[in-house]
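S.K.: Only the shape, not the letters, is given here:
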């Protein structure tokens, strides 16, 4: 083996971006198949929420409908969809921090690959995982009594919205990752702020039952917009609907939030990846 | 010879900390240069700048003729990097790791897979190729890591402490791999805390301390800065030390040092092995019993000690084996 130039094939820059992105995505999908436990626990959490709220808390929440339990379950499932999509943020932070600490990020950055592909591939694989989660969740929902009562086009739009939102959330995770000192902190940091955000929303309870100071926050909360948009698109009950702007325009608001988050955090994440001296603080 | 690496006036600050204070050195094509220095001296920062992972604040660095600041894409086409950790994916197999990095080097899928096979063979990993990295030993991981850094057949290879944490056998294996790469024309910049490693592999060394180059040259040049050979004589009783010092004055090329608690006389000399014969004769004439006598050449450890001026304790935390401490004490 002597030094010889390996002729690399010619591709335009965009072609390389796709090639690199798919190579990185394949790595992460392989990882999911090698550690099925991680997928299992990613699936189990939203399913637990469905079961807990459907059978434990649900009975205490009165939406004013005749069949209280059934009405709540139909209200609940789109909310859980929205909550689950928010948790997509955590599906990526730990992996990115691990890569940074192990020097894998350094290796990527020393290769002639397109820098956007490292995160592009990782977020793509994460989208695949989150899509699986949404499918399993839909099946669980159907089993406890949730139904899609709107048109097929609306339902497809609903799933598209969920996928888009999940994708935007993974980019937030991709931005958080390089700033975290180690995977343990990354695991907590990815999740800690999601809990208040999902509970101070219409995911589990109608906003009208909350104290008045919290109501505007909950109304404009992206999670509320997403959950409400899903309820509209899947034709599920929307009790105590008000006339506020976010309630009247939930679907465009939710799409708008998703695009806004993507537009802010994707460039920030790529910039953090390129410039942060992760794993190399030692001089 | 053309230069593979040119570094001039390189500076880097991390906030208040001046990690590099303007360093200069060159590496000729096809040679190994060791970058030596204690922890925090700026070795890793230098490598990270040269490998395009970090931007310098001032100065110019060129690798393979390309500016690392403005032509990072071209630089990445000609370099390989092996860091302090085995930077491979734990959950993938050895083959999958190499294929991934090959594709990201912009080889076609077919090229990447051929290259992966070739490297797995070469690094004695063919049998483990389809097993997950999780089951690899430390030495296997490092070999795979080195293989990954060679995926694009780099002409310049950065090895940042490539044998830290390896057992002696794996270290020897790594050395022979590095030697064969250099024999084929690869240029290597090696950082290490094991001075023996630099002595073994590097034709030249650059010694860094507090972000500045404090010495550079071949091992012999560096050693001659510290001084030449020494005859070390151990006598039976401390009482004989002064007598011995007197007797050996004739062969000394500089001041003679005594290490009282080891009953040792250290005589700098330029006479080589003849000085030992002469010392034996002189001591015999003076009727002094010799417990032990040896001719010692300076090691890179001695160079390091004398150049960085670290206390024995500080050094023991970085690189100096404990046996070197007493000699340091003798000179101090």
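M.R.: That came through fine. All values reported here derive from a predicted model rather than from experimental measurement.
S.K.: For the residue of the stretch 101-250 of chain A found nearest chain B, give me its contacts.
M.R.: Using Cβ to the nearest Cβ, the closest approach of the stretch 101-250 of chain A to chain B is made by residue A:103 at 3.5 Å. Yep, even glycine has a C-beta here, placed from its N, CA and C like the rest. For residue A:103, the residues meeting the contact criterion (Cβ atoms under 8 Å, 6 or more residues apart in numbering or on different chains) are A:279, B:83-87.
S.K.: Leaving out chain neighbours, which residue sits closest to the residue nearest in space to the middle of chain B?
M.R.: For chain B, the residue lying nearest the average C-alpha position, counting by Cα atoms, centre = their mean, turns out to be residue B:198 (3.2 Å). By the measure of Cβ to Cβ, 6 or more residues apart in numbering or on different chains, the closest residue to residue B:198 outside its immediate chain neighbours is residue B:34, 3.4 Å from it.
S.K.: The one you found falls within a helix, correct?
M.R.: No: assigned with DSSP: H, G, I helix; E, B strand; the rest coil, residue B:34 falls outside any helix and is strand.
S.K.: can I assume it is in contact with residue B:202?
M.R.: Yes: using Cβ atoms under 8 Å, residue B:34 makes contact with residue B:202 at a distance of 3.5 Å.
S.K.: Now the common contact residues for those two.
M.R.: residue B:190.
S.K.: Please give the element, helix or strand, for residue A:74.
M.R.: helix A:68-87 (DSSP states H and E).
S.K.: elements contacting that helix?
M.R.: On a contact count with 3 or more Cβ pairs under 8 Å, 6 or more residues apart in numbering or on different chains; DSSP states H and E, helix A:68-87 meets helix A:36-52, helix A:116-144, helix A:152-176, helix A:194-199, helix A:222-234.
S.K.: circling back: quick one, what contacts the residue nearest to residue B:198?
M.R.: With contact taken as Cβ under 8 Å, 6+ apart, residue B:34 is in contact with B:190-192, B:197-198, B:201-202, B:204-206.
S.K.: Identify the residues contacting stretch B:99-115?
M.R.: Counting contacts by Cβ under 8 Å, 6+ apart, the residues outside stretch B:99-115 that touch it are A:6, A:8-9, A:11, A:16, A:19-20, A:23-24, A:26-27, A:107-108, A:111-113, A:117, B:89, B:92, B:98, B:116, B:148, B:151-152.
S.K.: typo on my end, it should be stretch A:52-65
M.R.: A:68-69, A:71-73, A:75-76, A:80, A:144-145, A:204-206, A:237, A:239-240.
S.K.: Also stretch B:241-249?
M.R.: The contact list for stretch B:241-249 (Cβ under 8 Å, 6+ apart) reads B:231, B:233, B:235, B:256, B:258, B:260, B:263, B:265, B:267, B:279, B:282-283, B:285-286, B:288.
S.K.: do the same with stretch A:171-179
M.R.: Residues outside stretch A:171-179 that contact it (Cβ under 8 Å, 6+ apart) are A:88-97, A:100, A:105, A:119, A:122-123, A:126, A:186, A:189-190, A:261-262, A:265-266, A:268-269, A:272-273, A:276, A:278.
S.K.: cool, stretch A:26-40 as well?
M.R.: Contacts of stretch A:26-40 with the rest of the structure, by Cβ under 8 Å, 6+ apart, involve A:95, A:121-122, A:125-126, A:128-129, A:132, B:89, B:91-92, B:96, B:100, B:132.
S.K.: Just the buried residues of that stretch, please?
M.R.: Judged by neighbour count using 16 or more other Cβ atoms under 10 Å in any protein chain shown, the buried positions of stretch A:26-40 are A:26-32, A:34, A:38-39.
S.K.: just checking, which of the residues you listed belong to strands?
M.R.: Members of these lying in strands (criterion: DSSP state E): none.
S.K.: May I see those residues arranged in CSV, with distance to residue A:174 and pLDDT as well?
M.R.: As requested, those are arranged in CSV below (distance: Cβ to Cβ, whole Å; pLDDT from 0 to 100):
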residue, distance to residue A:174, pLDDT
A:26, 18, 95
A:27, 15, 94
A:28, 12, 93
A:29, 17, 93
A:30, 19, 93
A:31, 16, 90
A:32, 17, 89
A:34, 21, 90
A:38, 17, 84
A:39, 19, 86
